[in-house]
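> Here is a sequence together with a model predicted from it:
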Amino acid sequence: MCANIKRTWESLQQCVQKLLSIDDEAVFENRGTTLMSKPEYIAHYQTVFAYCTKSSSDISTVELRSSHATATVHGKELYERLRSFLISHASSLKQKLNQYEQSVLLDKYRHYWGLYNCACKVLNNIFSYLNKHCVPRAREAQLLNYFEVNTLMLFLWREHLFLPLQSKLVDAVLQLINDDRSGIAVKSTVIHTYTDSLVAMGLDDREHEHSNVPGLPFEPHTNLNLYVKYFERPLIFSTKEYYEKEVSKFRASNVSIADYAKQALERVEQEEDRLERYMHVSSKEKLNQVCHSVMIQSQLKLFHNEIEPLLADNKEEDLNRVYNLLRRVKNALEPLATNLQKHIEERGLAAIAACGTIGSGSNDARKYVKAIISVHAEFSKQIQRAFDSEPLFVAAMDKAFKKFVNENNVTKEFGTRGNVRSPELLAKYIDSILKKNSKAEDTVDLDSQFPKLMIVFKYLEDKDVFEKFYKKNLAKRLVQHQSVSDDAESNFLEHLKTQSGHDYVAKLQKMFNDVGTSRSLNETFSSYLVDKGSPLELNFTVQVLTINTWPFTQTLPSIRLPPALASCIDAFNGFYKSKHQGRKLTWLHDKSKGEIKSLYLKKAYTFVANTIQITVLLQFNDAAHLTLKDFLSRTEIPQERLLPQIETMKKMRILKKTDDGKYFLNTKYTYKSLKIKIDQVIKSEQKVENDTTHKAAQDERKFAIQACIVRVMKARNVMSMNDLMKEVIEQLQKRFNPQPAIIKKMIEVLLDREYMRRAEGNRQIFHYIA
């Protein structure tokens with residue numbers, strides 16, 4: 001046996017010696033050079049195989065500790081000779097490396113580790129028979145320190161080369177990293193190879209003592225203990241120390257927050273790049289945390305205290321650097337978002353204040369809405385560029401806009417109903433750009449305007465008030481044929497539908513259906529008159545509107561129409577009754593308009609007038625002078641509605657008035673256009689109309705709150721006061737903000753109407769009554 005092992009090892013020793021003595025970088029980097037020829041490789045493999053398969057008489061027998069049986073450990077002597085040679089090689093290489101210092105030492109370590117690691121793979125294959133038979137048998141025999149050849153080589157490198165040199169290697173690698181941080185060019189592959197070797201050597205060679213499972217191949221557990229002890233832990237300490245000095249240097253030079261952010265971000269990003277280049281993934285979070293703690297977290301107070309000037313001056317590049325720093329630290333962005341919210345709110349209030357006094361006119365509405373849109377465009381770009389559209393900052397902007405859009409100097413001027421000014425003005429502005437012949441420059445490209453208008457709409461708390469005003473204005477545009485186009489109206493409704501849902505626009509869409517139905521109805525009426533042989537003297541068209549769909553009420557019930565108009569209405573009444581039995585028409589004279597020609601002037605002017613004005617003017621067909629009393633008796637129009645219209649025509653010089661109070665036609669009237677719109681908005685009537693609209697919105701809120709309470713109670717059956725109010729507010733806040741005091745009043749109303757009752761002994765608990 002001795003002669004056999006001697007001859008075998010002499011042959012194999014030359015192979016091992018050759019592989020471990022290769023000192024050519026090209027071999028390691030696999031640039032076309034092979035470690036040994038294929039015939040050599042096969043011959044060495046067969047040598048190991050032949051030795052291990054010799055008869056058992058030439059092989060040692062080892063008694064099992066766990067039983068009376070014996071197990072033959074084939075190749076044990078060969079394994080031990082290989083071990084001894086590897087130990088000698090590692091010790092010799094250690095002596096050679098110990099001569100070097102710092103970066104040269106690391107570079108040599110990288111070189112020899114690469115060659116050794118490559119030799120490990122080849123020798124592991126040549127001695128694979130030992131791995132398959134010797135190592136498992138030794139494990140069964142409970143012999144210590146028997147592993148596969150590749151693993152054995154890693155253990156021996158660790159014990160006989162690395163650990164004796166670890167102090168010098170750790171100092172060298174830390175110095176190299178600090179050189180890299182200082183801008184000195186270093187080989188990152190040197191550090192990467194060092195860390196890779198630590199991970200490869202992180203094997204628990206005592207694991208088999210605790211998990212001896214027969215029949216299973218032994219694989220030592222890979223861990224990062226060596227990597228942590230001889231790289232990560234010293235690096236964390238070194239990193240903290242290095243950047244604390246950097247921060248002290250920065251702060252001592254009294255740099256601005258913008259300059260500090262620029263330098264700090266550069267440092268942080270460089271450190272993150274190093275993590276990717278030559279550190280194990282497990283170190284990423286730990287080292288980042290150290291760097292972020294020193295460079296960012298320790299300076300949070302500085303960032304938060306000095307961020308306002310950057311926001312005020314819109315320093316997007318500097319803000320982006322601050323953002324990219326703070327986002328790396330948990331909860332560090334919240335104070336910045338709070339500062340941004342406050343800044344946007346102040347900027348919005350200032351923009352609205354700069355508009356001056358805001359009335360109810362179209363120009364005022366335009367200034368108000370445009371101011372909000374302008375501020376939104378400004379900060380949308382800032383959040384996109386400076387804060388990468390971070391949801392936290394988008395939410396901060398939304399909160400700021402919701403605050404100042406609903407509470408500003410314009411809304412405060414209107415006292416208790418101030419918060420509904422924004423929806424009223426938005427509806428007014430939308431009416432101005434959707435109205436035919438509008439002079440607003442925004443009508444050029446309506447498709448691009450609508451999304452901007454919906455931004456303002458999104459921030460309205462009282463969307464129900466907007467709906468009331470928008471619906472009123474839409475109704476006027478439709479019945480007066482003043483819409484810029486049906487497509488534009490439909491397009492805006494689609495935007496509303498997308499924002500607020502189908503229910504919000506359901507009745508608005510029905511109004512368009514009525515307009516279409518009225519067109520068909522007028523064509524049928526014309527055919528009816530022709531068939532009957534009694535055509536009208538006037539060009540007469542009618543809009544038939546569904547009573548619960550349109551926001552109109554009869555405000556002028558008593559009026560004696562001129563015969564020409566009265567005959568037209570009688571004709572249409574007869575036609576409609578013949579088509580629809582049981583339906584009743586209610587005529588809204590105050591919403592009607594018409595054209596009347598002036599045949600008493602040199603030029604035939606056409607006046608576009610409302611029903612009251614037409615009725616007044618037609619009275620002069622049979623009288624030259626009329627007093628107010630005459631008009632009242634002839635038309636039966638209430639004086640508060642009649643007098644403003646007469647005065648309007650007097651201001652426009654269509655009528656004149658004598659000293660004794662008689663009105664007459666101005667026969668010398670002239671105007672640059674032949675068609676004149678004399679139907680002007682009466683401010684007193686406009687105010688009454690606006691007040692009525694606001695009151696209608698408040699009344700509808702009460703019904704909406706009652707309906708919501710009943711809905712919730714029906715679903716829950718029993719609820720406390722607080723839970724009920726919370727649920728009602730949550731369900732209704734998409735349309736308006738219900739006030740707790742109003743909710744409580746509506747609860748009392750429903751208690752009186754016996755929709756619900758209080759629990760016995762607890763007035764804060766309610767029961768639903770089916």
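Received it, and whenever you're ready, just let me know what you need. Residues are numbered from 1 along each chain as shown.
> what's the weakest-modelled helix or strand in this structure?
Between all helices and strands in the chain, the lowest mean by mean pLDDT, DSSP states H and E belongs to strand 61-63, at a mean of 42.
> mind listing what Gly356 touches?
Taking Cβ atoms under 8 Å, 6 or more residues apart in numbering as the criterion, Gly356 is in contact with Lys367. Bear in mind the C-beta positions are built from the backbone N, C-alpha and C, glycine included.
> how about it, phi and psi?
Here is the backbone geometry of Gly356 (degrees, to the nearest 10): phi 80, psi -160.
> so Val122 sits in a strand?
No: counting by DSSP: H, G, I helix; E, B strand; the rest coil, Val122 is not part of a strand but helix.
> Report the mean confidence score over the longest helix along the chain.
For the chain, the helix with the greatest residue count under DSSP state H is helix 683-716. Helix 683-716 shows a mean pLDDT of 81.
> Just after that helix, pick out the following helix or strand.
strand 718-720 (DSSP states H and E).
> in its sheet, what does that next one sit against?
When pairing is defined by DSSP bridges, strand 718-720 lines up against strand 762-768 (antiparallel).
> What residues sit buried inside the strand it pairs with?
Across strand 762-768, burial judged by 16 or more other Cβ atoms under 10 Å covers 765-766, 768.
> Could you do stretch 524-533 as well?
Applying a neighbour-count criterion of 16+ other Cβ under 10 Å, one finds 525, 528-529 buried in stretch 524-533.
> same deal with stretch 93-105?
Neighbour-count burial for stretch 93-105 flags 93-94, 97, 100, 103, 105 (criterion: 16+ other Cβ under 10 Å).
> Kindly report the same for stretch 424-438.
By 16+ other Cβ under 10 Å, the buried positions in stretch 424-438 come out as 424-435.
> For the stretch 51-200 of the chain, give me the ranges with low pLDDT.
Counting by pLDDT under 70, the ranges of the stretch 51-200 of the chain that qualify are 54-75, 135-136, 138, 140-142.
> actually the chain, not the one I typed
In the chain (pLDDT under 70), the answer is 1-3, 23-35, 54-75, 135-136, 138, 140-142, 204-222, 414-419, 438-444, 683-686.
> before we move on, which element is Tyr669 in?
Going by DSSP H and E, Tyr669 is not in any helix or strand.
> ok, the buried residues of stretch 424-438 vs Lys458, which is closest?
Checking the buried residues of stretch 424-438 against Lys458 with Cβ to Cβ, the nearest one is Leu426 at 10.8 Å.
> List the contacts of the closest one.
Counting by Cβ under 8 Å, 6+ apart, the residues that Leu426 touches are 365, 369, 453, 456-457, 460, 466.
> repeat for Ser598
604-607, 669.
> Let me see the ranges of the strands in the chain.
Using DSSP state E, the strands of the chain run over 61-63, 70-72, 593-598, 605-610, 626-627, 655-657, 662-665, 675-677, 718-720, 756-759, 762-768.
> Tell me the buried residues in the third one?
For strand 593-598, a neighbour-count test (16+ other Cβ under 10 Å) marks 594, 598 as buried.
> how big is the angle separating it from strand 605-610?
Here strand 593-598 runs at an angle of 150 degrees relative to strand 605-610 (axes from the mean of the first three to the mean of the last three Cα atoms, to 10 degrees).
> Sheet-wise, list the partners of strand 593-598 with their directions.
Its sheet considered, strand 593-598 pairs with strand 605-610 (antiparallel) by DSSP bridges.
> Check the fifth one too.
For strand 626-627, the paired strands and their directions (DSSP bridges) read strand 662-665 (antiparallel).
> Tell me which residues of the partner strand come out buried.
Within strand 662-665, the residues that count as buried by 16+ other Cβ under 10 Å are 663, 665.
> Next, count neighbours for the spatially closest residue to Leu460 that is not a sequence neighbour.
Nearest non-adjacent residue to Leu460, counting by Cβ to Cβ, 6 or more residues apart in numbering: Pro423, 5.1 Å away. Using other Cβ atoms under 10 Å, Pro423 is surrounded by 26 other residues.
> List the contacts of Pro423.
By Cβ under 8 Å, 6+ apart, Pro423 lies in contact with 460, 462-463, 465-466, 469.
> could I get those as JSON lines with distance to Arg753 and neighbour count?
As requested, the contacts of Pro423 are arranged in JSON lines below (distance: Cβ to Cβ, whole Å; neighbours: other Cβ atoms under 10 Å):
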{"residue": "Leu460", "distance to Arg753": "32", "neighbour count": "22"}
{"residue": "Asp462", "distance to Arg753": "27", "neighbour count": "22"}
{"residue": "Lys463", "distance to Arg753": "28", "neighbour count": "21"}
{"residue": "Val465", "distance to Arg753": "27", "neighbour count": "28"}
{"residue": "Phe466", "distance to Arg753": "30", "neighbour count": "26"}
{"residue": "Phe469", "distance to Arg753": "31", "neighbour count": "23"}
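> So which of the residues you listed belong to helices?
Secondary structure from DSSP H places 463, 465-466, 469 of the contacts of Pro423 in helices.
> re the thing from before, just the buried residues of stretch 424-438 now: which is nearest Glu276?
Proximity of those to Glu276 (Cβ to Cβ) peaks at Leu426, which lies at 50.9 Å.
> For Leu538, see how far away that closest one is.
When Cβ to Cβ, to the nearest Å is applied, the distance between Leu426 and Leu538 equals 39 Å.
> now do Gly761
Per Cβ to Cβ, Gly761 is found 73 Å from Leu538.
> Look at these two and report which has more neighbours.
Leu538 (12 against 6).
> quick one: contacts for Asp431?
By Cβ under 8 Å, 6+ apart, Asp431 lies in contact with 362, 470, 473-474, 476-477.
> do that again at 6 Å, thanks
Contact analysis of Asp431 by Cβ atoms under 6 Å, 6 or more residues apart in numbering lists Asn473.
> what's the answer for the one 4 residues further on, then?
Contacts were defined as Cβ under 6 Å, 6+ apart; by that measure Lys435 touches 477, 482.
> count of neighbours near the closest residue to Leu123 other than its chain neighbours?
Excluding the flanking residues, the one nearest Leu123 by Cβ to Cβ, 6+ apart is Val149, at 5.6 Å. By other Cβ under 10 Å, the residues close to Val149 number 24.
> Val149 and Ile126 touch, don't they?
No: using Cβ atoms under 6 Å, Val149 is not in contact with Ile126; the gap is 8.2 Å.
> in the stretch 351-500 of the chain, which spans are helices?
For the stretch 351-500 of the chain, the helices defined by DSSP state H, counting those that start in this stretch cover 362-387, 391-406, 409-412, 421-434, 446-459, 463-479, 486-500.
> Output these in a markdown table, with distance to Pro562 appended to each entry.
Listed next are the helices of the stretch 351-500 of the chain as a markdown table, based on distance: least, Cβ to Cβ, whole Å:
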| stretch | distance to Pro562 |
| --- | --- |
| helix 362-387 | 33 |
| helix 391-406 | 48 |
| helix 409-412 | 44 |
| helix 421-434 | 31 |
| helix 446-459 | 40 |
| helix 463-479 | 21 |
| helix 486-500 | 33 |
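> Deepest-packed of those helices, please.
Mean neighbour count (mean count of other Cβ atoms under 10 Å) peaks for helix 421-434 among those, with a mean of 24.
> what is the orientation angle of it with helix 446-459?
Using the same axes, to 10 degrees: helix 421-434 against helix 446-459 is 170 degrees.
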